[in-house]
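>>> what shape does this take:
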Amino acid sequence: MASPPSPHKEERAILEAIRQGKAPTIVKRQASRGTLPVDAEEMVEILVLLTHDPDPTCSGMARQTLAGWPAEKISGALAQPEASAEALAYFAAQKELPDSLLKLIVEHPNAGDEALAPLVPRLSLEQLQAVAAHDARLPLLPQFVAALLARTDLPAELRGRLEALKAEPEEKAVEGEELAAALAQEEEGEAKAPEEKKRQRISLTVKVARMSVSERVQLALKGTKDERLILIRDPSKVVYRAVLQSPKLTDGEVENFATMKNIAEEALRIISGSRKFMKSLIVVRNLINNPRTPIDVSIPLLNRVPDNELKFLGGNRNIPETVRAMAFKLYKQRTESRKGGGH
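All right, here's what the predicted structure looks like:
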């Protein structure tokens, strides 16, 4: 007789259904009241999504629920590293935004144009300069840069830097062509892929490679599963980070990403650092078995796998020797501990 699904698995299924717009109305209405048994940070993400729901009862109740949350509870949720750009933008747009929340949003690395641009009139010059100091982010924040330039109190050095940034092109076409060629060649080599599917993927890869960084970030957040599969391998950190923040991202995609040997090590670090992703034992297993995963990420994860898997890992020559040795050592410690505690 098959065992019933675990509450956690059912909970994850509900969350994914809401994120993908496939949840039944009765579930959405329950969620819009904030009564689902999920963590506060996940509840915030769900409620923000539901504020855009086509059902006015759901969207209105979601806005009402969020308005009733105390600032401390919202701060705790938005302070999480995986807080989405959409959630940050939602609260940035609120008229009665406490200074504590404003500071948190401005300093959050996931805050995008929609969150930062409306806040420019409210920010002190010191806060503006702190955000503008992150040169790598500014090309992705054209509205924020434009709003900054509308201020009359900017120092001459900062104004000159922002005007130069606004004037220069984001990317050269040749760079996009090179990325397209490299990814297209990789797609050609995929085993057992039907020819028509290969052609479709290559065409999509070329299209993606010709986009600017900011366009790829938007596609990563709002695009399709196939587009995310390409963008997770993007060399730009802001692009693959946006993939991992996409509200459309599914558990299955993250499980697949954790196996990939052609993505940045930093992307695997981001996955391992997300409490949401690491709730899945499949993701944990895939990260450990991926030779691309940094050793300092793999070793702590060994504590989360059962004994029989530790024994297998000890003999897996596809992973680094250090990880194999640690897996075998941990396996021996566990088995000897059980023997010593037995009667």
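>>> burial of T35, as a residue count?
Neighbours of T35 under the rule other Cβ atoms under 10 Å: 11. The way it works is simple: take the backbone N, C-alpha and C, and place the C-beta from them, glycine included.
>>> report how far apart the opening and closing residues of stretch 292-303 are.
With Cα to Cα, to the nearest Å as the measure, the ends of stretch 292-303 fall 19 Å from one another.
>>> ugh, wrong one, I meant stretch 140-154
Stretch 140-154 has its terminal residues 20 Å apart, counting by Cα to Cα.
>>> that stretch - what's its average pLDDT?
On average, the pLDDT along stretch 140-154 is 87.
>>> so for it, what gets flagged as buried?
Neighbour counts over stretch 140-154 (16 or more other Cβ atoms under 10 Å) mark L140, L141, F144, V145, A147, L148, L149, L154 as buried.
>>> how about stretch 243-253?
Buried residues in stretch 243-253, counted by 16+ other Cβ under 10 Å: V243, L244, Q245, S246, P247, K248, L249, D251, E253.
>>> so what's the residue count around the closest residue to the third one other than its chain neighbours?
In this structure, Q245 finds its nearest non-sequential neighbour in S84, 5.3 Å apart by Cβ to Cβ, 6 or more residues apart in numbering. By the measure other Cβ under 10 Å, the count of residues near S84 is 22.
>>> I'd guessed S84 sits against H108; true?
No. S84 lies out of contact with H108 (Cβ atoms under 8 Å); the separation is 10.2 Å.
>>> residues touching the longest helix out of those in the chain, excluding its own?
With secondary structure taken from DSSP state H, the chain has its longest helix at helix 321-341. Helix 321-341 has contacts (Cβ atoms under 8 Å, 6 or more residues apart in numbering) with 288, 295, 298-299, 302-303, 307, 310-311, 313-317.
>>> taking these one by one, which sit in helices?
If you go by DSSP H, the contacts of helix 321-341 have I288, I295, S298, I299, D307, L310, K311, L313, G314 in helices.
>>> how many neighbours does the last one have?
G314 is flanked by 18 other residues according to other Cβ under 10 Å.
>>> contacting residues around it?
If a contact means Cβ under 8 Å, 6+ apart, then G314 has R324, A325, A327, F328, Y331 as its contacts.
>>> one more time with 7 Å
Shown in contact with G314 (Cβ atoms under 7 Å, 6 or more residues apart in numbering): R324, A327, F328, Y331.
>>> any idea which of the residues you listed is closest to S280?
Lowest distance from S280 to the contacts of G314 (Cβ to Cβ) belongs to A327, with 19.6 Å.
>>> report the contact partners of the closest residue to the closest one other than its chain neighbours.
Residue nearest to A327 in three dimensions, not counting chain neighbours: L313, with 3.7 Å by Cβ to Cβ, 6+ apart. Applying Cβ under 7 Å, 6+ apart, we find L313 in contact with I288, I319, R324, A327.
>>> would you format the residues you listed as TSV with distance to R228, neighbour count and pLDDT included?
As requested, the contacts of L313 are exported to TSV (distance: Cβ to Cβ, whole Å; neighbours: other Cβ atoms under 10 Å; pLDDT from 0 to 100):
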residue	distance to R228	neighbour count	pLDDT
I288	23	24	91
I319	26	19	85
R324	32	16	85
A327	31	24	84
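>>> now the two most distant members of these.
Across those (Cβ to Cβ), the longest gap, 10.5 Å, separates I288 and R324.
>>> which residues in the stretch 1-150 of the chain form helices?
Along the stretch 1-150 of the chain, counting by DSSP state H, counting those that start in this stretch, helices occupy 7-19, 25-32, 40-50, 56-68, 71-78, 85-92, 99-107, 113-116, 125-132, 142-149.
>>> could I get the contacting residues of D55?
Here D55 is in contact with T25, K28 (criterion: Cβ under 7 Å, 6+ apart).
>>> where's it relative to G21, distance?
11 Å (Cβ to Cβ, to the nearest Å).
>>> same check on R210?
Taking Cβ to Cβ, one finds R210 at 29 Å from G21.
>>> neighbour count winner among these two?
R210 (16 against 13).
>>> roughly how far apart are that one and G223?
Distance of R210 to G223, given as Cβ to Cβ: 15 Å.
>>> so for stretch 252-261, what gets flagged as buried?
Within stretch 252-261, the residues that count as buried by 16+ other Cβ under 10 Å are E253, V254, E255, N256, F257, A258, T259, M260.
>>> ok, those vs R33, which is closest?
V254 (28.3 Å).
>>> in this structure the closest one contacts F277, no?
Yes. V254 is in contact with F277 according to Cβ atoms under 7 Å; the separation is 5.2 Å.
>>> contact partners for the closest residue to H108 other than its chain neighbours?
In this structure, H108 finds its nearest non-sequential neighbour in L88, 5.8 Å apart by Cβ to Cβ, 6+ apart. Contacts for L88 were tallied using Cβ under 7 Å, 6+ apart; they are L78, I105, H108, N110, A111, A115.
>>> can those go into TSV with extra columns for neighbour count?
Formatted as TSV, those follow (neighbours: other Cβ atoms under 10 Å):
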residue	neighbour count
L78	22
I105	23
H108	20
N110	21
A111	24
A115	23
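>>> so where's the stretch 201-343 of the chain uncertain?
Within the stretch 201-343 of the chain, the stretches with pLDDT under 70 are 201-202, 340-343.
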